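Trainee: 3D, please:
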Amino acid sequence: MSPPRRSLLRSPLAVTLALLVALVLVAGVLGRGAGSPATTPSAAGPPGPASLAASGASGRGSGDHAPYVVVARPPIEVRPELPGGGYQVFGHHRFLVAYYGTAQTATMGVLGTTDPDTMHQRLMRAARPFRKAGEQIQPVYELIVTVADASPGPDGDYSHDIPASYVREYLAAAHRHHALLLLDLQTGRADFPTVAKRWAWALKDPSVGLALDPEWRMRPHQVPAQVIGSVRAAEVNRTSAWLSRLTRANSLPQKLFVLHEFRLTMLPDIQRIVHRPGLAMVQHADGFGTRSQKLATYHAIARPAQFRQGFKLFYQVDIHRFTPQDVRRIQPRVSFVSYQ
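Mentor: Predicted coordinates:
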C-alpha cells in the first residue's frame, strides 16, 4: 500500500467513518437475531396478502400503532365550581346567610325591597357578624320563583311563576357577587317535581339550588293562606331524585336543597326523606315570635342526624330578634341563616 493511502487510513475522519460502518452492521445483525419468527421475513420472500390480513394491514396486531403515531387522549373535562371555589356547598368552612323574598316587592321578604346590587350590599352587612375565625360567609339569594295564590289562576293550581327575566336578573347579580341563588317553590296545588322541572334551565347553572316550602303545598280543595300545607316524603324524594340526576348529567357541583318547616305536620314522614348524591340537604326552621317560641319550634323539629340545620330571622315579626352571636350558640348547630 502506498504511503499516501496509509496516511489517509490513519486520519481521524477515516477512523470515524470505519466505526460508524461497523456499528451499523452490528445493529443489523442484532436486530435480525431478536426478531420473532412471526415478524421476521422468511427465506421464501415477503409475506403474502393472507398473512397481512391475519395480522393487520400494517403487519402489526390491531391494537398496536406505528411508533410515530400519537394516540389522542379524551379531553380533560373542566368541572364548574361553586362561588368561592370547590364542589361542596358547606366546604371551605362556609356559613350561609340569605335574604329571602321575591322580585319587585317587599311584601314577601327583604330580598325584593331594592335592586339586586343594593340588596347584596345590605345582605353582606347583615351577614358579616355571623362569621367565626377560619370561616367564610357564603351569601345566598333565596328568590321565590313560584308564588302561591289565593285564587286558582288559569291552570287551577293556585300558584304562578314570576317572569324568567327577574330570575336572570338575580342570577346575573349572583355571578357578579359570587353568591348562591336559591329558587324557592310555593306550588299551591301543583306538585313539587312538576314545578321544579319548569326551572331546569336555571338549575343547570352551578350557582343555583332549590328550596321546597310545604306551607304552601295544598291538597285538593285547600286554598293557600287558609290552611298550613304539607308534603309527603315520597314527593320530596321524587323532586330530589330528579335534581340529583340533573346535577350529575351536567357535571355540576353540589346543590343546596332546602326544606322549610315550622310544624311537624308540614313534613309528617320526614324520616323517610332520603339523601341524594350531589345535594346539600338542609332542614330550615321558619318559626317566628319570641326567642323562647322560636327555640321551642326549632328543638321540636330539628333532625341534625338527617340534615344540616337552618334558622330564619324575621325583621318585622320576631320579638327581641336573635343576634348573630345568639344564633351561633344555638344547639343543634345552625349552618344556614335567612332573613325575611
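Trainee: tell me where the model's unsure across the stretch 51-200 of the chain.
Mentor: Applying pLDDT under 70 to the stretch 51-200 of the chain picks out residues 51-72, 74-77.
Trainee: what's stretch 176-184 in contact with?
Mentor: Outside stretch 176-184, the residues that touch it by C-beta atoms under 8 Å, 6 or more residues apart in numbering are 82-84, 89, 96, 98, 100, 117, 120, 138-146, 167, 170-171, 173-174, 199, 202-203, 205, 207-211, 213, 256, 258. C-beta here means a position set from N, CA and C on the backbone, and glycine is covered the same way.
Trainee: just the C-alphas of it, formatted as CSV.
Mentor: C-alpha atoms of stretch 176-184 as CSV (Å, rounded to 0.1, in the frame of the first residue of the first chain):
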residue,chain,number,x,y,z
ARG,A,176,-71.2,39.3,39.9
HIS,A,177,-71.1,38.9,43.7
HIS,A,178,-70.1,35.2,44.0
ALA,A,179,-73.4,34.3,45.6
LEU,A,180,-75.7,31.3,45.5
LEU,A,181,-79.2,31.7,44.1
LEU,A,182,-81.8,29.5,45.8
LEU,A,183,-85.1,29.1,43.9
ASP,A,184,-88.0,28.8,46.4
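Trainee: let me see the ranges of the helices in the protein.
Mentor: Along the chain, counting by DSSP state H, helices occupy 3-9, 12-34, 49-55, 116-127, 164-177, 192-198, 200-203, 233-249, 291-301, 324-328.
Trainee: follow-up on the earlier one: write a ChimeraX command that selects only the buried members of the contacts of stretch 176-184.
Mentor: Here is the ChimeraX command that selects the buried residues among those (16 or more other C-beta atoms under 10 Å):
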select :82,83,89,96,98,100,120,138,139,140,141,142,143,144,145,146,167,170,171,173,174,199,202,203,207,208,209,210,211,213,256,258
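Trainee: residue 269: how many residues sit nearby?
Mentor: Around residue 269 there are 12 other residues, counting by other C-beta atoms under 10 Å.
Trainee: how about it: what's its closest non-neighbour residue?
Mentor: Residue nearest to residue 269 in three dimensions, not counting chain neighbours: residue 233, with 4.6 Å by C-beta to C-beta, 6 or more residues apart in numbering.
Trainee: which ones are touching residue 224?
Mentor: The neighbours of residue 224, taking C-beta under 8 Å, 6+ apart as the test, are 148-150, 158-159, 186, 188, 216, 218.
Trainee: what bridges to the closest residue in space to it that isn't next to it in sequence?
Mentor: Excluding the flanking residues, the one nearest residue 224 by C-beta to C-beta, 6+ apart is residue 148, at 3.9 Å. Applying DSSP bridges to residue 148 gives these bridge partners: residue 159.
Trainee: so the one residue sitting closest to the centre of the chain versus residue 293, what's the distance?
Mentor: Taking C-alpha atoms, centre = their mean, the centroid of the chain lies closest to residue 253, which sits 2.0 Å from it. Relative to residue 293, residue 253 is positioned 37 Å away (C-beta to C-beta, to the nearest Å).
Trainee: how long is stretch 215-231 from one end to the other?
Mentor: One end of stretch 215-231 to the other measures 9 Å (C-alpha to C-alpha, to the nearest Å).
Trainee: pLDDT (mean, whole number) over it?
Mentor: Average pLDDT, stretch 215-231: 97.
Trainee: does residue 111 touch residue 142 like I think?
Mentor: Yes - counting by C-beta atoms under 8 Å, residue 111 touches residue 142, with 6.8 Å between them.
Trainee: mutual contacts of the two, please.
Mentor: 99-101.
Trainee: with distance to residue 324 as new columns, can these be given to me in CSV?
Mentor: CSV is the format used below for the shared contacts of residue 111 and residue 142 (distance: C-beta to C-beta, whole Å):
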residue, distance to residue 324
99, 14
100, 16
101, 20
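Trainee: closest to residue 325 out of these?
Mentor: Taking C-beta to C-beta as the measure, residue 99 is the one of the shared contacts of residue 111 and residue 142 closest to residue 325, at 19.7 Å.
Trainee: gap between that closest one and residue 180?
Mentor: Counting by C-beta to C-beta, the gap from residue 99 to residue 180 is 12 Å.
Trainee: now do the shared contacts for the two.
Mentor: Here residue 99 and residue 180 have 140-141 as joint contacts, going by C-beta under 8 Å, 6+ apart.
Trainee: between these two, who's got more neighbours?
Mentor: A direct count of neighbours by other C-beta under 10 Å for residue 99 and residue 180 places residue 99 higher, at 27 against 23.
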